[in-house]
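Visitor: Generate a structure from the sequence data that follows.
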Amino acid sequence: MTSSTLTRLAPTQVELEFSISGPELAAAEERAFRKLSKDVRLPGFRKGRVPRKIFEQTYGSEAVTSQAVDDVVPEIYAKAVREHDLDPVDRPKLEILEQNDGRPTRLKATVEVRPPIELRPYKGVIVRAPSFPVTDEEVERSLQALAKERATLVPVTRPARLGDVATVDYAGTIEGVPFDGGQAEGQTIELTEGRFVPGFVLGIVGMTPGESRNIDVRFPDEYSAPELAGKAAVFAVRLYELKEFDLPPIDDELARAVSNHQSLDELRADVRRRLESVAAGRSRRVIANTVLEQLLAAHDFPLPPTMVESELDRLVEDAAAQAPEGGTLPDEAVLRASLHPEAEARVKNTLLIEQIAKVENIVATPADIAAEVEILARRYGQPAGRIRKALGNNVLSLMDGIVRNKTLELLVDNAEVITNEETPSTAS
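Guide: Predicted structure coming up:
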């Protein structure tokens, strides 16, 4: 049996020393020889039938030994990891400590591992329940949105109102100079605030078809195009045509047209149920985040530097991918320094969730994986088999996500959720 010794260099770094016995190496060399000689042809011997002595005389015994070491070291290292119940987060750095006639007999592996985490109570965490009641007004707005899907546009000659659809020309300038993306002709837009630069839509409200007007606006400080952010602009706008939505009556006929329901009452009840389901999901997400915040604050443990650096690399890549075209990012060293706290928080979050999942024996079952694959298949309109094949090794990430979500569900289900009027029965 392979023996190994453990030396903890730091909370997240260990040294493992382990031996390769003569019999282990001999067996590995025999396996290596068979692998290497499988396709070898030498005069007087059939393919793959070359004796080992002849093979080594021709190609050297070093090739067999090297292959044997490459094969057996990972096996013995894995046994040592299991022996000491370690959870490495990176590949080990190997060093030969002793060898005999060119054959390593004792090695040292230095590797980063997940830290020991002493869990504090994670069930019964007290959180105040967020309230997201579904109002009659929200239900009616949803019904209005359904009616709008079947509405027709009717030309009008009155002054423009919010919610109308306008056809306009516009030309924007900053200090009298046109800028890229600031001009359009015959553009059809719905007069809804939030879709354009603040003030642009409100500037069109009140105009009548055939009218021209200059509209003063200011681009937000966080605007996606950095060269425009925070700057004042003037848009010369001409309104050509104005239309309004002619909505059908919200009645039983609409209910039958937009759903499988036969009456407006049935549709209204269904809309309310859907809104309440969305509100319940939103509430559970807030509760989960609140529970996690409390648990993260209650736990303090070291983080493996390799995990932090890997997460930091991902954050930097995301920042680069999300940067607006033509925009500039800070110096990489400055960017990494600014993102380092977030990387640490994410790693701590991951390790804590993983430890709770381990203690609770939470795993991704075949049924869980199949359900997630079906969801992806419906989302992308592809057969489940093709989705599973496309996932490849990414199925491991899918499994990690399943375990995380199941663990969060456990935390939420076991939280003590109270309202503002209630008094918690225990102190956190």
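
Visitor: what's the distance between residue 396 and residue 138?
Guide: Note on residue 396: its distance to residue 138, by C-beta to C-beta, to the nearest Å, is 41 Å. (C-beta placed from N, C-alpha, C; glycine too.)

Visitor: So which of the two has more stuff around it?
Guide: residue 138 (16 against 11; other C-beta atoms under 10 Å).

Visitor: In terms of pLDDT, where does the closest residue to that one other than its chain neighbours sit?
Guide: Of all residues not flanking residue 138 in the chain, residue 275 sits nearest, at 5.9 Å (C-beta to C-beta, 6 or more residues apart in numbering). Per-residue confidence for residue 275 comes out at a pLDDT of 95.

Visitor: residues near residue 275, how many?
Guide: By other C-beta under 10 Å, the residues close to residue 275 number 18.

Visitor: Can you classify it by secondary structure?
Guide: Secondary structure, DSSP: H, G, I helix; E, B strand; the rest coil: residue 275 is helix.

Visitor: Quick one: list the elements packing against the helix or strand hosting residue 31.
Guide: Element membership of residue 31, judged by DSSP states H and E, is helix 22-37. Packing partners of helix 22-37 (3 or more C-beta pairs under 8 Å, 6 or more residues apart in numbering; DSSP states H and E): helix 52-59, helix 61-83.

Visitor: Could you tell me the angle between the helix or strand that contains residue 112 and helix 61-83?
Guide: Assigned by DSSP H and E, residue 112 falls within strand 103-112. Computed by axes from the mean of the first three to the mean of the last three C-alpha atoms, to 10 degrees, the angle separating strand 103-112 from helix 61-83 equals 40 degrees.

Visitor: May I ask which helix or strand of this protein has the lowest mean pLDDT?
Guide: When the helices and strands of the chain are scored by mean pLDDT, DSSP states H and E, helix 52-59 comes last with a mean of 75.

Visitor: Show residues contacting it.
Guide: The contact list for helix 52-59, computed with C-beta atoms under 8 Å, 6 or more residues apart in numbering, reads 30, 33, 36, 37, 40, 42, 45, 50, 64.

Visitor: What is the burial count for the second one?
Guide: For residue 33, the number of neighbouring residues by other C-beta under 10 Å comes to 21.

Visitor: still on that earlier bit, the strand holding residue 112 pairs with which strands?
Guide: Looking at strand 103-112 with DSSP bridges, its partner strands are strand 13-19 (antiparallel), strand 93-100 (antiparallel).

Visitor: Among those, pick out the one with the most neighbours on average.
Guide: strand 13-19 (a mean of 19; mean count of other C-beta atoms under 10 Å).

Visitor: quick one, helices of this structure?
Guide: 22-37, 52-59, 61-83, 136-149, 200-204, 252-258, 264-298, 305-322, 332-359, 366-380, 384-391, 395-413 (DSSP state H).

Visitor: ok, residue 73 touching residue 105?
Guide: No - judged on C-beta atoms under 8 Å, residue 73 makes no contact with residue 105 at a distance of 11.7 Å.

Visitor: Those two: which has the busier surroundings?
Guide: Set side by side, residue 73 and residue 105 show more neighbours around residue 73, with 19 against 15, by other C-beta under 10 Å.

Visitor: For that one, give me its contacts.
Guide: 20, 94, 104, 107.

Visitor: Nearest spatial neighbour of residue 93, chain-adjacent residues omitted?
Guide: Counting by C-beta to C-beta, 6+ apart, residue 93 lies nearest to residue 110, which is 4.7 Å off, once chain neighbours are set aside.

Visitor: Give me the buried stretch members for stretch 165-181, please.
Guide: 165, 166, 167, 168, 170, 172, 179 (16 or more other C-beta atoms under 10 Å).

Visitor: what comes into contact with stretch 141-154?
Guide: 165, 243-250, 254, 257-258, 267-268, 271, 275.

Visitor: same deal with stretch 242-258?
Guide: Taking C-beta under 8 Å, 6+ apart as the rule, stretch 242-258 contacts 143-144, 146-158, 160-161, 163-167, 208-209, 261-264, 266-267.

Visitor: Return the subset of those lying in strands.
Guide: Cross-referencing the contacts of stretch 242-258 against strands under DSSP state E gives 152, 153, 154, 155, 165, 166, 167.

Visitor: Tell me the one of those nearest residue 69?
Guide: residue 165 (74.1 Å; C-beta to C-beta).

Visitor: Okay, the residue nearest to that closest one when sequence neighbours are not counted and residue 200: tell me how far apart.
Guide: Spatial nearest neighbour of residue 165, chain neighbours left out: residue 243 (4.6 Å); criterion: C-beta to C-beta, 6+ apart. Counting by C-beta to C-beta, the gap from residue 243 to residue 200 is 19 Å.

Visitor: Settle it for me: which of the two has more neighbours?
Guide: The neighbour count for residue 243 versus residue 200, taken as other C-beta under 10 Å, is higher for residue 200 (20 against 17).

Visitor: List the single closest residue to the more buried one in space, sequence neighbours excluded.
Guide: Per C-beta to C-beta, 6+ apart, closest to residue 200 is residue 217, 5.4 Å.

Visitor: Thought residue 203 was touching that neighbour, still the case?
Guide: Yes - counting by C-beta under 8 Å, residue 217 does reach residue 203; the two are 7.3 Å apart.

Visitor: Find residues that contact each of the two.
Guide: With C-beta under 8 Å, 6+ apart as the test, residue 217 and residue 203 both reach residue 235.

Visitor: re the thing from before, what's around the residue nearest to residue 200, how many residues?
Guide: 18.

Visitor: Show the contacting residues for it.
Guide: Here residue 217 is in contact with 197, 198, 199, 200, 203, 232, 233, 234, 235 (C-beta under 8 Å, 6+ apart).

Visitor: partners of it in the sheet?
Guide: Beta-bridge pairing for residue 217 (DSSP bridges): residue 233.

Visitor: And it, what's its pLDDT?
Guide: 93.

Visitor: Ok, residue 252 next?
Guide: For residue 252, the model assigns a pLDDT of 93.

Visitor: ok, now the one 3 residues further on?
Guide: Among the per-residue scores, residue 255 holds a pLDDT of 92.

Visitor: And for it, nearest residue in space, chain neighbours not counted?
Guide: Spatial nearest neighbour of residue 255, excluding adjacent residues (C-beta to C-beta, 6+ apart): residue 267 at 3.9 Å.

Visitor: Quick check: that neighbour touching residue 274?
Guide: No - the pair residue 267 / residue 274 is not scored as a contact, 10.6 Å apart, by C-beta under 8 Å.

Visitor: of those two, who's got more company?
Guide: Taking other C-beta under 10 Å, residue 267 and residue 274 do not tie; residue 267 has more neighbours (24 against 13).
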